[in-house]
Structure formats: C-alpha cells, structure tokens
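Q: have a look; sequence and predicted model below, questions after that.
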Amino acid sequence: MANKILVVDDEPNIVLSLEFLMKQAGFQVRTASDGEAALTAVASEPPDLVLLDVMMPRKNGYEVCQAIRANPDWKEVRIIMLTAKGREVEREKGLALGADDYITKPFSTQEVVERVRELLTAAG
Amino acid sequence: MLSDGVIITSALIYMGVLFGIAYYGDQRADAGRSIIANPYIYTLSLAIYCTAWTFYGSVGLAATSGIDFLPIYLGPTLMAVLFWLLLRRIVRITKAHRITSIADFAASRYGKSGLLAGMVTVIVVLGILPYISIQLKAIATSFSLLRQYPQVAMPVSSAQQPFWADTTFLVALVLIVFAILFGTRHIDTTERHEGMVTAVAFESLFKLVVFVLVGLVVTFGMFDGPGTLFQQAAARPELAALMRFEVVPGGYGGWLSLTFLSMMAFLFLPRQFQVLVVENVNEAHIRKATWLFPLYLFAINLFVLPIALGGRLTFVNAEVDADMFVLGLPMALHQPNLALLVFLGGLSAATSMILFETVALSTMVCNDVVIPILLRLNPRRLAGRADWSGLLLGIRRAGIAIIILLGYVYFRFVGESYALVASGLISFAAAAQFAPPILIGLYWKRANRRGALLGLSGGFVVWAYTLLLPAMARSDWISASFVDHGPFGLELLKPYALFGLRDMDPYMHAVFWSMLANVGGLVFGSMLTRTDAIEQVQGSQFVNVLERDRHDGDSLLWRGVVETTELYDLLARFLGPPRATEAFDRYARDHGGYPLQADSRLIHYTERLLAGAIGAASARVMISSIVMGEVLSIEEVMTILDESTQVIEYSRRLEQKSGELEAASTELREANHRLRELDRLKDEFISTVTHELRTPLTSIRAFSEILLANPEMDVEQRSKFLSIIVKESERLTRLINQVLDMAKMDSGRTEWSVENLDLRALIQDAISSTSQLFHDKAVALHENLGEQPVLITGDHDRLTQVVINLLSNAVKFCSEQTGEVTIWLRRVADRWRIEVIDNGPGIAHDQQKLVFEKFHQVNDSLAGKPKGTGLGLPISQKIVEHHGGRIWVESEIGQGAIFIVELPGQP
C-alpha cells in the first residue's frame, strides 16, 4: 500500500512540481492550496505525511500544523514544513509546533524525495 | 578744680570705654553672637541723629526762637511713620545689591553709574563739612568753657589763635586718630561695623541720660519744678514770646521746609544711611524703631525749653552763649561733676557723629572717587595688584583725615560766625538733594542716569548758590554785597531772593529752588533721554524689590565667558583669600557646586561681593575687565524686561524654554520611534522581497531539475513544464525590476523625464498593450476617453505604467467571459481624472488603503494564475503623487471596484 502524501502550498506551480515528484516516487498524492483546504483533506482521510508551506492564505502553515498535532487521532501524521531560507524563526517555530522536519525553498528535488522517504521509513 | 588734666583724662577714659564697647561688639560679631541683632540697639543707634547740634544747639535755638527747634525732630518722627513703607524697601535693595553707602545706592539705581556715585560723593563731602565743623566747634567751645570753671564766661574764639594752638584743631587731630582706630580697625573693609554701632547705641543712651539729668536739675533744682520756671519766664515779655508760635521765622512755611529738610536728612545723611540701612541686620527691627525712636526724640526734647528758659533767666547779661546753656547752667550751679558729665555727653554726641560720618564718607570717597580714578588711570596695573585690602584701608584712612581737616578748615573760615543749628541746616539741605533721585528712583522706573545727573547737579548748584555762598559772604570771604544786592548788582540773582522770591526764610527759599531744579532735572532729563539696558534692569529691580524675594535678573546682563579661577583671583585680591574661599564655598553649597566656566549667575554673585568692597560701579569695571564677551544689548534686554515685572517675563521665558525642550524631546522620541518603525519596515520589506523572489525561483528550480532528471518525459508535459519555467522567470524578472524601481523611488533617485504629452493617446497606448490580457480572458473593455487630445506635462513611460497596471489588475480580478472593464478620462474642475471600473469581487473597506502598501495582496487565491508582485499599486501611487495627483479606490464587496487617478491639468 503506497504511502499517502498531502501537498499544501498556495503557489500552484510549486504544488504541481511536488505532486509530480511524489507521484514519481510512488506515493499517493493529494493537494490543497490553502490551510483550511489542507485540514479538510486531513480530516477526510489522514495522510501519512504532509508537505506544508508556511505562508498561505486562510490559515497559515503553523496553524495547520498546530491543528493536526492537537488531534490525537492524527498523531501518526508526519509533517515537513516548507520554509524560506534565512528565516530561522519559521524553522524553529515549525519544529516547536510539532513539525518533524523542514525543507527550505528553493529546494532540491532529490532532497525532498529523500527526506520524505526517510521520515516514512523511520515511522515504519 | 577742673584742671585740663582732669577734663582730658576723663575724656580719654570715656573714649576708651566707647572703644572697649566697640571692641566687645566686634568680638561678639566675630564669634557669630551679634550684640546688635536686637531692635533696641538698632533704635538707639539711630539716635546718632542727635549730635552736638541737639545736645547744645537745640537749647541755643529755643533760647532765641522758642519752639523753632522742634521741626528738626518732627521730620524724623514723620519719617519713622514711613519706615515700613520706605526704609524697608531701601534696606532690602541694599542687602540684595550689597550696597555700602548712599553714593553706592544712587549709582546702583542708575545703572551702576560711576559718574553719579562720584557726584553724590562730592556733594556729600562738600555738604557735610559745615556739619562736621559744628561738632568740632561744640567740642572745642565746651572744653574751653569748662576749663575756666569755676569762672562762667564765654572764652575768646579759638579761631583768633594760630591753628596749631587752636583747641579745635587739636580736637580734630584727636578725632582723626579715633576715627581711624574705630572705623578702619578691621582689615576687612566690607563687613558692617558692629562694634561702632554698639558704641553708638551706648553713647546715645549716655547723652540722653545726661541731658535729662541736666533738665531735671535745672527744672527742679533751680526752679522748684516746671510751674515756677514757666511762671518766671512768662513774667518776662521777651521770654513769653518764645512759648508761642509766632516767633518762628518764616512762619509755617519755615516749619514745613525745616520738617522736610530734617525728614530727608534723617534718611540721606551718610551716617544716617549707614546706621539705618547698611548696619540694619533684620528688617523686623525697623518695625520696633518706628515707635521707639520717636519716643527717644521726645525724651531728649522734653527739657529743651526748660533749660533754654532757665538759661535766659540765669544768664541775663548773655555771659554764656545760648548754645552753651546746657554746660553753663551746671557750672553756674557749682556742680563740677554734672558739668563734666555734660561735657562728656556733648563730646560723645559730637564724636559719634564725626566717627560714623567720616567712616561712611571715606568709604564713599574711596569706592566712588579714588578707586574709579585709579582704575581709569591704569586699570591693568591695578588689576594685577595682588592685595588690595591694604591699599583700600590706606585710602580710607587718608579720606577720614582729609575730611575732618576740611571740616576744621570750614569751621575756621566760615563756621565761626554761625550758630550750631544754622551750619547744620546747610548740611541738611545738601543731603536733601539725594531725595529726588533716590525716592523717585524707588517708584518711577523710567527715571534714568542722565535725569539723575541733571537733577542732582542742578540741585547742588542751587544749594551752593543759595546757602553755601551766602554763608561764605557772611564770613567776609566774598563781598557781602553779593547777598544784599546780588552778583554784579543783579537783584534777580540775589541768593536769598532768587528771581524775586523775597521775604522767605533762607532755608525754605533754598529748599524750594533746589528741589525745583532737582526734581525738574530728573523728570525732564529722564523723559527726554534714552535709558541704557543696565539702567532699565537696575531700575526695575529697585522699583520691584518688594514684589520678589530673589532677583537674579541682572545676572542676565553678563553673557561673557570667564574661568571660575579668574573670578576667584579677583575676589581674593579685594577680600583676601580666606573670605574669597568662604564665599565660593557658600556659592557651591547653595548651588550644588560651581562650573569651571563661570556662568552669568556666578559672575553676578562675584560682582555683588566685589561691590560690597569697592562699590557697584568699580566692581562692574573690574568684572568687565576680565569677562570676555559683551554685555547684552538694549534690544535684547527690552524683550526680557517688558513693562511688567522682569521676573514674570523671565520665568515665563524659562517656562517657554522648558516647554520648547519638552516639545523637542517629545519630537526626538517620536522621531526615534519612527526610525525604529522604519527600520522594522525595512527588515520586513527585505524579508518579504526575499520570500517573493524565492517563490518563482522554487518553481523554476524544481521544474528544471524534474526536466533534467526525466529526459524521457512526453513532449506535452515537457512543454508545459518549460512554459511554467518561462512564466516564473518572467515573474522573477518583473519582481526584480519593480523592487529596484520601488527602492529608487523611495530614495528619490528615480530619473523623471518630464515632457508635454497627450494623456488620451497615452491611455490608448496602454489599452493596446494590454489587449491580449482582455482577449485571453474574454473580458470586455469600454473606452470613454473623449474626442480631444488631453495635454498635460509628465513622464510618459511612468504614466503608461500606471494605466497598464490598473488595466491588468482590473482584468485579473474579473471573471472570465462575464468580466467587464470601463475606462474613463474626464475633466473634474481643473484636474484630469482616469477611472478604471471593473465588475470583479470588489475590495472591502478595510482593505482599500492597504492595497497601496508594498507586497500587500488581496486575500484571494487565484488558482492557476501567477500572482502579482504586490508592488504594482504602490509604484503607481508613487508615480501619481510625483505628478502632483492622487490615486484611490472606491468599492463595495461584490460590486466591483473603481480605481481613480487624478492628475493636475495643464496650467
């Protein structure tokens, strides 16, 4: 059974690229373009991992992360924050709120895939 | 029975006692337990007013003119009533300015004028000589009379003898020694003479007791009480007249003028000013003296008439001068001890007057005549002199000697032929000349230096002409026809009947004319001449002295720069290092230290201390010799002074200044706050910019790597990914351009090429550039641009940028197919207005201002479209504002939006 990935970003082209990469890596992919849509998607069918952008309209990445961690049913959901490099605050804040890892934009496609795989393997 | 030895020895013993009391008083003062700090000593010291004139002369006058002697005591009594009003004011000024004499007072009032101080000093010295001469005469005459005891007969005039054998001359010499011993014993020249005041208080008591004793002996010992005495006198018609008013020469006018003269003399004779004002230690003493001193005058006058009548009844053949009745009666009664006491009483009355008068005068001569002259002759060398106190003392001692000797000269050549009272009144009239400048100056701010000089010199000339010259004429020093027929036979200029004002008492005549000249000169001189800045400051300080406690106002006048050590050196030169150190310590204590560079307050403080030693005018010269920088101009001072009290203006200015300071610091705080806010905005801008740059870059990198890693990808997908890369690259480029544009505009480095252009054509250009966008989304565009070209001046490319931005925004927010955009160009008043109307979702009210902020993007995800840069509208706003126009949006949610640009029309 392929792992389920949720890609969340308000930039359609970034979503498109991540969707392509994850599918290519053999995951099952869903997308959302804002925070609320992301939570709806998680609620309908909790993914194994969320690739979560920070700056988004209607609930930003932190709020989404916090909401996921607040629900014990979703404690298995891995979260990787997509942050802007140079803004250490974003990274620290994400980790503090319960994100499992972070990737800085612009990311290396290879690295994204590797991090996702690592995290899912570790989780078993 | 009374050998010369006995008389001289008792006189010396008595003087020794006085000296001992003075010494004790000084000791107490040095120990800080002042003996004169009580109202009784103060009141008694005022009785220095009662000199040999009172002691001997009152009886003399009463014996010939009845109660004519009374006005001389009525004046001071009236003045005592005015003490609280007038004297308190003068005392307060004197303390505040550390004034040392009447000349100093006048000079201080009129802008620290050295000329005025000198003039007052000259007048006072000349005016006082007759007065000193009568004291010498009284001592000498009483001595000569007493030594003939038991024979009772007037001695031959001592002036017949050569001066070295003249008793009066010897008396003068002895008094010089005593005056120097008493008055200049202290090295310290500035402090009060507490010892002398104590001695005066004692001798006032002594002379009162002796005089009353004589009165009692005469009234009750010789005549069995006043009843008998007056009965016997009434039996003699020439004596009965003495007890009625009509004998007063000049009638009531004479009384008035004598009362006025004695009022003024009581205040303005140098020794009176000294004891009343300079030696006053506590203003409260004045209150008690107000009723206590008239009581003293009453007591000492009580037996004048009985003694006078007793003398006339006893010395029927005028064996003894009326002036010497007080001494002659005890001698006739064969009471040598009482006679000796009387002699000592007269001696002490005369001595205390001479001591105090000459000490006061020598201080004035030194401070206001000699020092200024020395300073003028060679200021540099004098300023460099290390120790002045010795020089000051020397000058003062010489001054004392010269003044007493001049008094002797006057006695020998003029005073001999005058009664005691007549000579004294000449001095009174001279002292009265200070009344107008000082009294008017206390209440009239506009009285100025030139007016005072004019009035004083006028009054002095008239005084000399109507009183001094006739006195000399009477002594045959000038032709007597000068008095009887006027100079050169000009009747109009007769000194006792000036301008035909005849049949008047000579004193009243002199008072009338001299006061007319004096007051007139002061008033007209003040009104017709300009007043200097410093005169205004001093004037308003004197006039307003009671209204405020502290006055630091005239410290405003020093604006220069001087090292504090220089000030200290100057002060030490005059006061000696210990007192200078003490003074600076006191200043430091009161003001919390002193600055290295003396400020105006410290300069002023030093000036006042110095004024205490060498007078206000000289102090000013000394200070200005070391203070660099100029004195404030009259205009500057005028703005400070204004009409009302200076201090109100001063504190108002201070308040204003502190208000300004407060405003400035608030402004600074705000500026600081703004700066921090700007700094924060800049950080935010940078971080936003980097974020905005990162977004397209992320897509570009991701798709490039995908394409690179998947060479086998199908053509359709490949070209889709490639077009994304292209679009995001364009977005990146646009973003970078706009960020640079914005940065340039913010820093004002944008180059504008302003030209005449057709706004209508410009809009049409912009429409055609964006036509593809409208076509792609099938949005309709309606143009309402009018028919005529619209000429304005502006930057063509920038304005095009604005219109394109508005059009592309409009089309971006419109729905596909149903979208409609309308563009208007029309004139509103004197401005051109471009309106871009869409039927998109609209913008909420709270967002309408925000859309013009950098990187603000309307919270609406437009899926599938590259978003704007968030800089389009802010840049448009900058451009429009640069053209003197404005841009805003009007919109309701769900009803589309109208973006409006207004530009100024062609002028």
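A: Received the coordinates, thanks.

Q: select the longest helix from chain B.
A: helix B:646-709 (DSSP state H).

Q: now do the helix or strand following that helix, average pLDDT.
A: Using DSSP states H and E, the helix or strand that follows helix B:646-709 in sequence is helix B:715-747. On average, the pLDDT along helix B:715-747 is 86.

Q: state the mean pLDDT of the longest helix of chain B.
A: Helix B:646-709 comes out at a mean pLDDT of 79.

Q: how far does stretch B:78-86 stretch from start to finish?
A: Terminal residues of stretch B:78-86 lie 12 Å apart, using CA to CA, to the nearest Å.

Q: quickly list what the residue minimising distance to the centre of chain A is bridged to.
A: Geometric centre of chain A, nearest residue: residue A:51, 1.6 Å, by CA atoms, centre = their mean. Residue A:51 has these beta-bridge partners by DSSP bridges: residue A:7, residue A:80.

Q: can I assume it is in contact with residue A:15?
A: No: between residue A:51 and residue A:15 there is no contact, the gap being 9.2 Å when judged by CB atoms under 8 Å. All C-beta spots, glycine's among them, are computed from the backbone N, C-alpha and C.

Q: mutual contacts of these two, please.
A: A:7, A:8, A:9 (CB atoms under 8 Å, 6 or more residues apart in numbering or on different chains).

Q: show me where chain B has strands.
A: B:562-563, B:597-598, B:754-758, B:780-784, B:791-795, B:820-828, B:831-838, B:886-891, B:897-904 (DSSP state E).

Q: what angle sits between the longest one and strand B:897-904?
A: If I follow you right, that is strand B:820-828. 30 degrees (axes from the mean of the first three to the mean of the last three CA atoms, to 10 degrees).

Q: quick check: buried residues in strand B:820-828?
A: B:820, B:821, B:822, B:823, B:824, B:825 (16 or more other CB atoms under 10 Å in any protein chain shown).

Q: any idea how far residue A:96 is from residue B:600?
A: 64 Å (CB to CB, to the nearest Å).

Q: quick one, which of these two is more surrounded?
A: When residue B:600 and residue A:96 are compared for neighbours, residue B:600 comes out ahead with 17 against 10, by other CB atoms under 10 Å in any protein chain shown.

Q: now render the strands of chain B as a markdown table, adding distance to chain A and mean pLDDT.
A: Output for these, formatted as a markdown table (distance: least, CB to the nearest CB, whole Å; pLDDT from 0 to 100):
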| stretch | distance to chain A | mean pLDDT |
| --- | --- | --- |
| strand B:562-563 | 58 | 74 |
| strand B:597-598 | 53 | 72 |
| strand B:754-758 | 39 | 88 |
| strand B:780-784 | 27 | 88 |
| strand B:791-795 | 34 | 88 |
| strand B:820-828 | 24 | 88 |
| strand B:831-838 | 21 | 90 |
| strand B:886-891 | 19 | 89 |
| strand B:897-904 | 19 | 90 |
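
Q: least confident secondary structure element in the chain?
A: Reading this off chain A. helix A:88-96 (a mean of 73; mean pLDDT, DSSP states H and E).

Q: oops, wrong one, chain B.
A: That would be, for chain B by mean pLDDT, DSSP H and E, helix B:634-641 at a mean of 44.

Q: pull the number of nearby residues for residue B:673.
A: 10.

Q: ok, it to residue B:666 distance?
A: Taking CB to CB, one finds residue B:673 at 10 Å from residue B:666.

Q: ditto for residue B:798
A: 39 Å.

Q: so between those two, which is more surrounded?
A: residue B:798 (21 against 10).

Q: spatially nearest residue to that one, not counting backbone neighbours?
A: residue B:879 (4.6 Å; CB to CB, 6 or more residues apart in numbering or on different chains).

Q: check contacts around that neighbour.
A: Counting by CB under 8 Å, 6+ apart, the residues that residue B:879 touches are B:745, B:795, B:798, B:799, B:801, B:802.
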